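Student: Quick check, what structure comes out for this input:
(2 chains)
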Protein chains: 2
Amino acid sequence: MKTWLDIDKDSDFSIYNIPFGIFSHGDSGLRLGTRVGDHVVDLHALAAAGLFDKLGIGKEVFSNSSLNNFIALGKSKTNGVRTAIQAALQDESSDLKNLTTAFIKASDVQMHMPVEVKDYTDFYSSIDHATNVGMMFRDKDNALLPNWKHLPVGYHGRASSIIPSGTNIHRPKGQMKPTDSDPVYGPCRLLDFELEMAFVVGKQTKIGQSISTADAMDHIFGMVLFNDWSARDIQKWEYIPLGPFLAKSFASSISPWVVTMEALEFAKVQGQKQEPAVLPYLQYEGPHNFDIKLDVGLTSQDGQETIICGSNFKYMYWNMSQQLAHHTSNGCNVNIGDMMASGTISGPEAGMFGCMLELSWAGSKTIQLKGGEERKFIADYDTITMYGHAEKDGKRVGFGEVRTQVLPAL
Amino acid sequence: MKTWLDIDKDSDFSIYNIPFGIFSHGDSGLRLGTRVGDHVVDLHALAAAGLFDKLGIGKEVFSNSSLNNFIALGKSKTNGVRTAIQAALQDESSDLKNLTTAFIKASDVQMHMPVEVKDYTDFYSSIDHATNVGMMFRDKDNALLPNWKHLPVGYHGRASSIIPSGTNIHRPKGQMKPTDSDPVYGPCRLLDFELEMAFVVGKQTKIGQSISTADAMDHIFGMVLFNDWSARDIQKWEYIPLGPFLAKSFASSISPWVVTMEALEFAKVQGQKQEPAVLPYLQYEGPHNFDIKLDVGLTSQDGQETIICGSNFKYMYWNMSQQLAHHTSNGCNVNIGDMMASGTISGPEAGMFGCMLELSWAGSKTIQLKGGEERKFIADYDTITMYGHAEKDGKRVGFGEVRTQVLPAL
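Tutor: Numbering: from 1, shown residues only, chains lettered A, B, ... in the order given. The predicted structure is shown next:
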């Protein structure tokens, strides 16, 4: 696809992408937008200009505080909007060329939460991550727990504290148990990021209804980068027997542009063989994994960024279709805007580990930063930025970034 | 308080109560109502008649699909509505006496979810329940895990599948692991109820903000009965290491009337002494427990109800103020409509155990039903009904019931 718009060839936001998000510009209020190259495109303005008239979509849905109502239109409409924009951007005689107020410099807009997240679920689906954690805290020969290869282990997370890229966080406080003393309450000492991706549910189901692996992709609207902030010392003390709670619920950061599954279709790859074979409701056909390169940068207070992890979403043992099939296998209903995260995405080699816990091997190693500093966990004023994109045959579709600075405890 | 309305002296819905809920009647649409004796009172009609004019509350907020906007008015307004209703019900010359269309027979209305639940958290705060479970699955001398007396253990639950009383459920399906075979997928065999109460958050906080135990009650709007349905066999296989997930997320049932903290004030009692002493952020002054009698009835297909459990909310080791203080101790934000459940409420004696798991001691005992049947767990077509009320000095304030029938797996 060739476009009359100037787009850098390395941009995550090529004409093949056309993601959706919520932005504000000046006192415009919240609106739906897409991003192309360095520009945010005001979809409300495009709708007002009649671009989506053929789809029967008025401008109202594009003036909204979340994508939820837009997603509810269904994939034929939402992808219709996407392809209409692609067509206009290729058409040298398009009226859009004169609609200059609809194209706003990305650096001039404020991005917001793209969806209203109803329920948030976090999985634990990377075999390398689960194995590493198991080796650290149990033993090498029994690293994976008995259920791990039979079902995509997951748990409910806190929806209220999911925040968009650019929102800084304070180091959380909490109750921890030092090895040789009574529990204490204070600022977390072992603050960590977790490199994850999350998908956004695009179709509502009713209680009692299950989604098959074959249908799952129809129920997924798109994806974001997801940083599942974790306080390892709070987690260690609180999580038995009911799982992580306050160690996670202080914040989770996401990238602001939801990249649609249609845009990611070209990045599909086959996942690894699952042995032992999974139960029929978890079996699937064809490629359900995605080749999405992921990087994590740590920028210390000196302003220098060190890439501390390079992983890939293709390493997931359990894919999103299996996660959604499992999640609804008991009849649990899902809503538009529900977010389901992958769990830490580690790869098979050391540079591919998706959290400080693994990178520092539970604090036994140091991570060298460019400016000469060292880290085992996250220090105050560190900024963690996650990047992700798929690339193939000259097409590049990416997520931009999710960036968060850690400020001292309040 | 004496009223011109005919209210049975054993009614949970005395003039001292005045709970809030969402009802529909014929094709009225969803409205806010209260309940007095056997009548549901249409608050939209009361507002239209000018009863809340002095409070500056128009009728719009009473025509709504949830209480959330009403709760957002704040306690001085919401309790103002409550006391205005109490005053009118005592006033022999009240115009309400002629407003007969506002009083609808309770049996003629349909009750709905009272609040839009944003996030749902479940605690594990009954020491008798936690001890019993620990004795069953670990050993007698180490029944309580090391963290249990230091913090109110909790976990995030699924908000989407919380349903109001009267909504039947189907036995969930799921993945289980029989002792001597590979995992299987099928209808749960060990279906259980959990007798709980839940509170509804009444004030929004921002990320980073903590709520003290002293302020907590100002942040709690009211309470409901809560049946945390549990599939014990699914739970046993899935829950390590990240906690209960699909074993719980298929449904949780609540009573439809939210009883306000103001109505429950008279039921406050001192909780048991906490040894060892808790950290300062969990310490509290004065009574924060509530003397609320709780009963669970099992009605089998023959129509006979057997009361299988009689417990009391006063037995909670961790109170709601501590739960909310702990939940926000890491800066986790809460929203109006968030629901936080107590965990199974067992008492110190055998007849007070709040779930079949304890009543049947993990299936080693049978529970005798009136009609001659026996149970270890819940059978298809069984109906579980939970009742709760506080009573003192001639005042009775209750919750009515949460009733759910279990239908066979789909």
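
Student: In the stretch 151-300 of chain A, what residue spans correspond to strands?
Tutor: Here the stretch 151-300 of chain A has its strands, by DSSP state E, counting those that start in this stretch, at A:154-157, A:162-164, A:169-170, A:173-176, A:184-187, A:191-192, A:195-201, A:220-227, A:230-231, A:252-254, A:259-260, A:268-269, A:289-290, A:293-299.

Student: Switch these over to JSON lines; also include mean neighbour count, mean pLDDT and distance to chain B.
Tutor: The C-beta positions use only the backbone N, C-alpha and C, and glycine is treated the same way. Output for these, formatted as JSON lines (neighbours: other Cβ atoms under 10 Å in any protein chain shown; pLDDT from 0 to 100; distance: least, Cβ to the nearest Cβ, whole Å):
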{"stretch": "strand A:154-157", "mean neighbour count": "26", "mean pLDDT": "98", "distance to chain B": "4"}
{"stretch": "strand A:162-164", "mean neighbour count": "21", "mean pLDDT": "98", "distance to chain B": "7"}
{"stretch": "strand A:169-170", "mean neighbour count": "20", "mean pLDDT": "98", "distance to chain B": "6"}
{"stretch": "strand A:173-176", "mean neighbour count": "24", "mean pLDDT": "98", "distance to chain B": "5"}
{"stretch": "strand A:184-187", "mean neighbour count": "15", "mean pLDDT": "98", "distance to chain B": "5"}
{"stretch": "strand A:191-192", "mean neighbour count": "24", "mean pLDDT": "98", "distance to chain B": "11"}
{"stretch": "strand A:195-201", "mean neighbour count": "27", "mean pLDDT": "98", "distance to chain B": "10"}
{"stretch": "strand A:220-227", "mean neighbour count": "27", "mean pLDDT": "99", "distance to chain B": "15"}
{"stretch": "strand A:230-231", "mean neighbour count": "27", "mean pLDDT": "98", "distance to chain B": "7"}
{"stretch": "strand A:252-254", "mean neighbour count": "28", "mean pLDDT": "99", "distance to chain B": "11"}
{"stretch": "strand A:259-260", "mean neighbour count": "28", "mean pLDDT": "99", "distance to chain B": "23"}
{"stretch": "strand A:268-269", "mean neighbour count": "16", "mean pLDDT": "98", "distance to chain B": "26"}
{"stretch": "strand A:289-290", "mean neighbour count": "22", "mean pLDDT": "98", "distance to chain B": "22"}
{"stretch": "strand A:293-299", "mean neighbour count": "21", "mean pLDDT": "98", "distance to chain B": "22"}
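
Student: Quick check: residues of the stretch 201-350 of chain A near chain B?
Tutor: A:207-208, A:210, A:231, A:234, A:237-247, A:249-251, A:276, A:279-281, A:326-327, A:329-335, A:338 (Cβ under 8 Å from any Cβ of the partner chain).

Student: end to end, how far does stretch A:315-329 reach?
Tutor: Stretch A:315-329 stretches 24 Å from its first residue to its last (Cα to Cα, to the nearest Å).

Student: before we move on, what about stretch A:292-306?
Tutor: 20 Å.

Student: what do you get for stretch A:266-278?
Tutor: 26 Å.

Student: mind listing what's buried in it?
Tutor: Within stretch A:266-278, the residues that count as buried by 16 or more other Cβ atoms under 10 Å in any protein chain shown are A:267-268, A:271, A:274, A:278.

Student: how far is that stretch from where the chain is centred?
Tutor: Taking Cα atoms, centre = their mean, to the nearest Å, one finds stretch A:266-278 lying 20 Å from the centre of the chain it belongs to.

Student: Next, the contact list for the closest residue to chain B within chain A, please.
Tutor: Among the residues of chain A, residue A:243 lies nearest to chain B; the distance is 2.4 Å by Cβ to the nearest Cβ. Counting by Cβ atoms under 8 Å, 6 or more residues apart in numbering or on different chains, residue A:243 makes contact with A:155, B:155, B:239, B:241-244.

Student: at 10 Å instead, please
Tutor: A:122, A:153-157, A:235, B:153-156, B:239-245 (Cβ atoms under 10 Å, 6 or more residues apart in numbering or on different chains).

Student: Just the pLDDT for the nearest residue to it once chain neighbours are set aside.
Tutor: Of all residues not flanking residue A:243 in the chain, residue B:243 sits nearest, at 2.4 Å (Cβ to Cβ, 6 or more residues apart in numbering or on different chains). With respect to pLDDT, residue B:243 scores 95.

Student: Over to residue B:243: give its phi and psi.
Tutor: Main-chain dihedrals, residue B:243, degrees, to the nearest 10: phi 100, psi 180.

Student: Same question for residue A:131.
Tutor: Dihedral angles for residue A:131 - degrees, to the nearest 10 - are phi -70, psi -40.

Student: How many residues are close by it?
Tutor: 18 (other Cβ atoms under 10 Å in any protein chain shown).

Student: just residue A:50 next, same as before
Tutor: A total of 10 residues lie near residue A:50 under the criterion other Cβ under 10 Å.

Student: Pull out the buried residues from the longest strand along chain A.
Tutor: Assignment by DSSP state E gives strand A:395-407 as the longest strand of chain A. By 16+ other Cβ under 10 Å, the buried positions in strand A:395-407 come out as A:396-406.

Student: can these go into a markdown table with extra columns for pLDDT?
Tutor: As requested, the buried residues of strand A:395-407 are exported to a markdown table (pLDDT from 0 to 100):
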| residue | pLDDT |
| --- | --- |
| A:396 | 98 |
| A:397 | 98 |
| A:398 | 98 |
| A:399 | 98 |
| A:400 | 98 |
| A:401 | 98 |
| A:402 | 98 |
| A:403 | 98 |
| A:404 | 98 |
| A:405 | 98 |
| A:406 | 98 |
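
Student: Using JSON lines, please lay out those residues together with distance to residue B:383.
Tutor: JSON lines is the format used below for the buried residues of strand A:395-407 (distance: Cβ to Cβ, whole Å):
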{"residue": "A:396", "distance to residue B:383": "58"}
{"residue": "A:397", "distance to residue B:383": "52"}
{"residue": "A:398", "distance to residue B:383": "54"}
{"residue": "A:399", "distance to residue B:383": "49"}
{"residue": "A:400", "distance to residue B:383": "52"}
{"residue": "A:401", "distance to residue B:383": "53"}
{"residue": "A:402", "distance to residue B:383": "48"}
{"residue": "A:403", "distance to residue B:383": "53"}
{"residue": "A:404", "distance to residue B:383": "49"}
{"residue": "A:405", "distance to residue B:383": "54"}
{"residue": "A:406", "distance to residue B:383": "51"}
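
Student: Filter the buried residues of stretch A:266-278 down to just the ones in helices.
Tutor: Using DSSP state H, no member of the buried residues of stretch A:266-278 sits in helices.

Student: hang on, the earlier thing: how far does the longest strand of chain A sit from its chain's centre?
Tutor: Worked out by Cα atoms, centre = their mean, strand A:395-407 lies 9 Å from the chain centre.

Student: the inter-axis angle of that strand versus strand A:293-299?
Tutor: Relative orientation of strand A:395-407 with respect to strand A:293-299: 30 degrees, computed using axes from the mean of the first three to the mean of the last three Cα atoms, to 10 degrees.

Student: now, which of the buried residues of strand A:395-407 sits nearest residue B:4?
Tutor: residue A:404 (60.5 Å; Cβ to Cβ).
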